[in-house]
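**Student:** Sharing a sequence plus its predicted fold:
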Amino acid sequence: MLFVSFVFLFGFLPVTWVGFQVLARQSRRLGFAWLVLASLFFYGWWNPRFVCLLLISVTANYLAGQAIALLRERPYWCRAVLTFAVCGNLAALAWYKYLGAVAGFLIGHGIAVPDPGPIILPVGISFFTFTQIAYLLDVAWGEVERRDPLSYALFVTFFPHLLAGPILHHQEMMPQFARPGRHVFSGRDTAIGASLFVMGMAKKVLIADMVAPGVGWGFAHAHEVQFFLAWKTALSYSIQLYFDFSGYSDMAIGLARMFGIRFPLNFNSPYKAGSVIEYWQRWHMTLTRYLTQYLFNPMALALMHRVAGRRRLQGRRMTRADRFLWMVLVPMMATMAIAGVWHGAGLQFVVFGLLHGVYLSVNHAWRIFWPPGERPNVAGRVGSVLLTYGCVLVGAVFFRADSVTAAVQLLAGMGGLHGAEGPVPLPGAAAGLFGPVGPLLSRHGLVSFGDMSGAAGRYADAAALALIYAVIWGLPNTQQIMARYRPALGWNGAEPRIFPPWRISAGWGLAIGALGMLALTLHQTSEFIYFQF
């Protein structure tokens with residue numbers, strides 16, 4: 001069931017919300033039980049048989065968590081149960097997500113292995129698996145206090161985050177579930193949540209879905225698209241991905257707030273980032289937090305302790321280069337390779353992860369070995385943002401392409417290796433603006449002065465892209481507009497100085513209502529990109 005489908009908007013959501021308000025007034029636990037049942041129904045709408053998989057996963061991980069907590073005073077058995085439980089989660093993930101792709105790869109290269117046949121990927125399996133692995137690790141580390149089975153079931157299955165995140169942490173959610181007054185009807189929470197939901201739906205329907213058809217065609221013909229169309233395809237996909245995930249994140253936070261729950265911030269204008277490090281602090285923020293806390297930090301500390309011990313035995317000191325190698329470069333490349341594989345089984349996802357591993361390592365090396373001096377001026381900041389966006393754009397091509405070959409072909413088209421569609425048509429009066437360069441550009445077929453044939457379509461596409469980038473880089477994001485009400489956990493930003501901030505008022509109510517009506521008018525049912533992960 002999709003957030004933008006009519007059955008969700010006019011059936012599931014109102015019934016679930018009203019049922020929760022009625023039952024939660026009688027008993028907080030009744031309200032929670034209702035939400036768990038509604039979430040299971042929501043998950044089963046797409047494929048009912050996978051509800052059993054979800055229930056088995058929740059039950060097994062909860063029992064494993066209980067066993068780990070009881071065995072914490074017996075470290076050997078505690079580690080054994082933890083290892084078995086984590087491996088069980090990863091095995092289920094590997095079976096559904098990677099077995100078919102790996103078998104197909106081996107068979108395609110002449111290696112005889114049993115063909116598993118078509119395997120349907122349970123939607124959201126990566127998200128609820130990662131959430132529960134983190135829970136098990138925190139139980140083993142003694143960081144889990146509340147282990148109520150109903151709260152745990154809601155923590156994992158709550159429908160706003162079940163299919164595509166954010167990746168929740170029990171320390172953020174369990175205290176909210178335990179707070180009695182949090183689940184009594186609040187008109188303020190409902191208004192905040194509904195406004196967030198509508199703004200997210202507008203991003204999805206009015207921008208992301210509108211550019212999607214051209215993106216699909218461009219990547220399907222990556223081997224032949226020429227210069228301008230290749231750039232249009234890559235830029236359009238980066239826009240689609242941005243507003244699709246931004247819209248989903250807003251809708252998830254808004255839905256949770258309508259039920260009195262605050263989700264962590266997961267998206268904060270990442271294309272405004274001035275470095276790749278900052279980009280990952282703004283893009284899929286809960287995934288970045290997860291990778292840092294449960295993969296990068298433990299790996300870096302373990303490597304550092306091992307190498308430092310060897311250096312002491314050899315009577316040598318750790319140099320700054322040693323620290324960078326073992327505390328940044330090696331764990332960073334490993335972590336980002338895993339992050340790439342988490343997104344998909346194809347080699348293009350591995351390249352995507354390794355590419356960002358290189359970006360991040362270079363960024364950290366720059367900060368460590370050549371620390372910046374004064375804060376950059378406006379031109380320096382703009383240059384940093386554009387350079388970061390260019391790096392991210394190259395990674396996005398691999399993220400979207402069906403194969404490494406297709407990604408390389410599209411990048412070749414962007415580099416002009418497939419030729420260009422023809423000169424850029426410019427009015428004759430513009431020739432004087434180029435000076436002596438104008439005839440050179442015209443001679444090489446890059447521009448044509450006076451011949452305006454085909455100009456309307458090209459300029460319309462360029463104007464549409466420029467307008468969208470003006471929105472991305474020039475306007476405040478949803479969290480800034482609603483900063484006064486702190487709609488998400490982890491938001492510490494200020495209200496914008498120019499844009500009128502959101503408030504509970506008739507004017508904003510009419511504006512949000514009009515935006516929602518426009519989105520419904522142009523509505524088309526399509527999946528969110530991150531559902532495939």
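**Tutor:** Structure received.
**Student:** which stretches of the stretch 251-400 of the chain have low pLDDT?
**Tutor:** Within the stretch 251-400 of the chain, the set of residues satisfying pLDDT under 70 comprises 373-374.
**Student:** quick one: the helices in it?
**Tutor:** Per DSSP state H, counting those that start in this stretch, the stretch 251-400 of the chain has helices spanning 276-282, 285-291, 297-313, 320-324, 330-343, 347-369, 378-400. These are given in chain order.
**Student:** closest to A212 out of those?
**Tutor:** Shortest separation from A212 across the helices of the stretch 251-400 of the chain is recorded for helix 378-400, at 11.0 Å, computed as C-beta to C-beta. In short, each C-beta sits where N, CA and C put it, glycine included.
**Student:** Just the buried residues of the closest one, please?
**Tutor:** By 16 or more other C-beta atoms under 10 Å, the buried positions in helix 378-400 come out as 385, 388-389, 391-400.
**Student:** TSV for the residues you listed, including distance to L520?
**Tutor:** As requested, the buried residues of helix 378-400 are exported to TSV (distance: C-beta to C-beta, whole Å):
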residue	distance to L520
V385	34
T388	35
Y389	32
C391	37
V392	32
L393	32
V394	36
G395	34
A396	29
V397	33
F398	35
F399	30
R400	28
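**Student:** hey, where'd the strands end up in the chain?
**Tutor:** When assigned using DSSP state E, the strands of the chain occupy the ranges 424-426, 447-449.
**Student:** do you know which of those strands lies nearest F531?
**Tutor:** With distances scored as C-beta to C-beta, the stretch of these nearest to F531 is strand 424-426 (38.3 Å).
**Student:** returning to that earlier point: can you redo the helices of the stretch 251-400 of the chain as a markdown table, where the extra columns are distance to R179?
**Tutor:** Formatted as a markdown table, the entries for these read as follows, by distance: least, C-beta to C-beta, whole Å:
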| stretch | distance to R179 |
| --- | --- |
| helix 276-282 | 29 |
| helix 285-291 | 21 |
| helix 297-313 | 30 |
| helix 320-324 | 43 |
| helix 330-343 | 33 |
| helix 347-369 | 38 |
| helix 378-400 | 39 |
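**Student:** Can you tell me which of those is nearest to A134?
**Tutor:** Distances from A134 to each of the helices of the stretch 251-400 of the chain were compared using C-beta to C-beta; the shortest belongs to helix 285-291, at 6.4 Å.
**Student:** send the alpha carbons of that closest one over as PDB?
**Tutor:** Listed in PDB are the C-alpha atoms of helix 285-291, where the atom choice follows Å, rounded to 0.1, in the frame of the first residue of the first chain:
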ATOM      1  CA  MET A 285      20.700  10.600   8.100                       C
ATOM      2  CA  THR A 286      19.600   7.600  10.100                       C
ATOM      3  CA  LEU A 287      21.400   5.200   7.700                       C
ATOM      4  CA  THR A 288      24.600   7.300   8.200                       C
ATOM      5  CA  ARG A 289      24.100   7.200  12.000                       C
ATOM      6  CA  TYR A 290      23.600   3.400  11.800                       C
ATOM      7  CA  LEU A 291      26.700   2.800   9.600                       C
END
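**Student:** Quick one: list the elements packing against that helix.
**Tutor:** The elements that helix 285-291 packs onto, with contact taken as 3 or more C-beta pairs under 8 Å, 6 or more residues apart in numbering; DSSP states H and E, are helix 330-343.
**Student:** what's in contact with the helix it packs on?
**Tutor:** By C-beta atoms under 8 Å, 6 or more residues apart in numbering, the surrounding residues in contact with helix 330-343 are 98, 126, 130, 287, 291, 295-296, 299-300, 303, 349-354, 356-358, 360-361, 364, 399, 533.
**Student:** What is the neighbour count of W45?
**Tutor:** 15 (other C-beta atoms under 10 Å).
**Student:** Among the strands of the chain, single out whichever gets nearest to L522.
**Tutor:** Using C-beta to C-beta, the nearest of these to L522 is strand 424-426, at 30.8 Å.
**Student:** and the closest residue to G353 other than its chain neighbours, how many neighbours?
**Tutor:** Of all residues beyond its chain neighbours, the one nearest G353 is G340 (2.1 Å), with distances taken as C-beta to C-beta, 6 or more residues apart in numbering. Neighbour count of G340, defined by other C-beta under 10 Å: 24.
**Student:** now G340: how far from Y237?
**Tutor:** Using C-beta to C-beta, to the nearest Å, G340 is found at 17 Å from Y237.
**Student:** L520 now?
**Tutor:** Plainly put, L520 is 26 Å away from Y237 if you go by C-beta to C-beta.
**Student:** and if you look at W502?
**Tutor:** Relative to Y237, W502 is positioned 30 Å away (criterion: C-beta to C-beta).
**Student:** Next: L295.
**Tutor:** Separation of L295 from Y237 (C-beta to C-beta) stands at 27 Å.
**Student:** Please apply the same query to M332.
**Tutor:** When distance is defined by C-beta to C-beta, M332 is 26 Å away from Y237.
**Student:** So for those two, which sits in the more crowded spot?
**Tutor:** Y237 (25 against 22).
**Student:** For the more buried one, give me its contacts.
**Tutor:** Applying C-beta under 8 Å, 6+ apart, one finds that Y237 lies in contact with V211, V215, G218, F219, A396, V397, R400.
**Student:** same deal with A222?
**Tutor:** Taking C-beta under 8 Å, 6+ apart as the criterion, A222 is in contact with A230, T233, A401, A406, A407, Q409, L410, G413.
**Student:** Including mean neighbour count, could the strands of the chain go into CSV?
**Tutor:** Rendered in CSV, the data for these read as follows (neighbours: other C-beta atoms under 10 Å):
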stretch, mean neighbour count
strand 424-426, 19
strand 447-449, 19
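**Student:** Now render these as JSON lines, adding mean pLDDT and distance to P476.
**Tutor:** Compiled in JSON lines, those are given as follows (pLDDT from 0 to 100; distance: least, C-beta to C-beta, whole Å):
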{"stretch": "strand 424-426", "mean pLDDT": "76", "distance to P476": "34"}
{"stretch": "strand 447-449", "mean pLDDT": "76", "distance to P476": "37"}
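**Student:** how close does the residue lying farthest from the centre of the chain get to A365?
**Tutor:** Ranking residues of the chain by C-alpha distance from their mean position (C-alpha atoms, centre = their mean) puts P436 at the top, at 47.0 Å. When distance is defined by C-beta to C-beta, P436 is 42 Å away from A365.
**Student:** residues contacting the residue minimising distance to the centre of the chain?
**Tutor:** With distances taken as C-alpha atoms, centre = their mean, the chain has H284 as the residue nearest its mean C-alpha position (3.9 Å). Neighbouring residues of H284 by C-beta under 8 Å, 6+ apart: G165, F245, N266, F267.
**Student:** Out of those, flag the one nearest to I68.
**Tutor:** Each of those was checked against I68 using C-beta to C-beta; the closest is G165, at 24.7 Å.
**Student:** you'd agree the closest one is up against T288?
**Tutor:** No. At 11.5 Å, G165 does not count as touching T288 under the criterion of C-beta atoms under 8 Å.
**Student:** quick one, which of the two is more surrounded?
**Tutor:** G165 (29 against 19).
**Student:** Now do the closest residue to V351 other than its chain neighbours against I468, distance only.
**Tutor:** Nearest residue to V351, sequence neighbours excluded (C-beta to C-beta, 6+ apart): F398, at 4.9 Å. Distance, F398 to I468, using C-beta to C-beta: 22 Å.
**Student:** can you check Q171 too?
**Tutor:** When distances are taken as C-beta to C-beta, Q171 and I468 turn out to be 37 Å apart.
**Student:** Look at these two and report which has more neighbours.
**Tutor:** I468 (18 against 12).
**Student:** That one against M210, yeah?
**Tutor:** No. Here I468 lies out of contact with M210, judged by C-beta under 8 Å, at a distance of 9.6 Å.
**Student:** list residues touching both of these two?
**Tutor:** Counting by C-beta under 8 Å, 6+ apart, nothing touches both I468 and M210.
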